[in-house]
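J.: Quick one: sequence and predicted model below, then my questions.
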Amino acid sequence: MLTLRTSSPCIYVAFMALLATTIVGCKTGGPGIAQSAAARSAMARPRTFVPTTGKAGVYLLYGANWALGDRTSMLHADLDGETFGMLCSEQYLYLEVPPGKHTLSARSMVAQGDTQFDATPGSNTFFMIVLDGKIILRQTSEEEGRKFIAQYSR
């Protein structure tokens with residue numbers, strides 16, 4: 001049994017967080033973890049590349065070679081301030097959104113990246129996560145997005 005004796009609650013919390021990160025890894029390949037009911041429902045449709053009528057598709061892609069640093073870190077994905085999923089390297093998330101302006105965010109324990117975009121009904125928008133000392137959400141082409149989904153859908 002592992003025992004940590006310390007009088008500082010901060011050290012204890014930091015140790016437990018490190019232990020949890022070490023024990024809980026991320027699987028690679030395929031979809032990330034959709035948290036909201038809307039995201040779980042939408043994740044059943046990502047490979048059709050056809051959003052529900054009146055909605056727009058948003059893909060968040062996190063490739064293995066796009067991370068400069070710890071690729072096992074889980075990132076949380078937010079849309080308009082609400083968390084809709086989590087993902088690790090070589091995973092993606094899909095969400096259908098109403099038309100209009102939206103803010104997409106990806107965050108880790110130490111950094112956050114945000115981007116704004118305008119969703120058009122019937123279209124797809126693809127963003128890739130790049131870690132380069134900070135989190136960058138870079139819009140990419142539908143062709144590149146489809147290649148990513150094909151490569152990491154197992």
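T.: Noted; the coordinates are in hand.

J.: what about this structure, any weak spots by pLDDT?
T.: For the chain, the stretches with pLDDT under 70 are 1-46, 65-72, 154.

J.: at 90 what do you get?
T.: Within the chain, the ranges that satisfy pLDDT under 90 run 1-49, 63-74, 84, 87-91, 108-111, 130-134, 149-154.

J.: Just confirm residue 127 contacts residue 140, I think it does.
T.: Yes. Judged on CB atoms under 8 Å, residue 127 makes contact with residue 140 at a distance of 6.9 Å. Every C-beta, even on glycine, is put in place using the N, C-alpha and C of the backbone.

J.: Show me which of those two is the more surrounded one.
T.: residue 127 (24 against 15; other CB atoms under 10 Å).

J.: Outside of stretch 105-112 itself, list whatever touches it.
T.: 17, 60, 62, 73-79, 81, 113-115, 129, 131, 134-135, 137 (CB atoms under 8 Å, 6 or more residues apart in numbering).

J.: Among those, which ones are in strands?
T.: Mapping these onto strands (DSSP state E) picks out 60, 62, 75-79, 113-115, 129, 131, 135, 137.

J.: which of the residues you listed count as buried?
T.: Neighbour counting with 16 or more other CB atoms under 10 Å marks 60, 62, 75, 76, 77, 78, 79, 113, 129, 131, 135, 137 as buried within the ones in strands among the contacts of stretch 105-112.

J.: would a markdown table of these with distance to residue 149 be doable?
T.: Compiled in a markdown table, those are given as follows (distance: CB to CB, whole Å):
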| residue | distance to residue 149 |
| --- | --- |
| 60 | 11 |
| 62 | 12 |
| 75 | 18 |
| 76 | 21 |
| 77 | 16 |
| 78 | 21 |
| 79 | 19 |
| 113 | 21 |
| 129 | 14 |
| 131 | 20 |
| 135 | 21 |
| 137 | 17 |
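
J.: and these, which two are the farthest apart?
T.: Farthest apart among those by CB to CB are 79 and 131. That separation is 19.8 Å.

J.: and residue 98, how many neighbours?
T.: 10.

J.: How much space separates the residue lying closest to it once chain neighbours are set aside from residue 102?
T.: Counting by CB to CB, 6 or more residues apart in numbering, residue 98 lies nearest to residue 55, which is 6.4 Å off, once chain neighbours are set aside. The spacing between residue 55 and residue 102, counted by CB to CB, to the nearest Å, is 12 Å.
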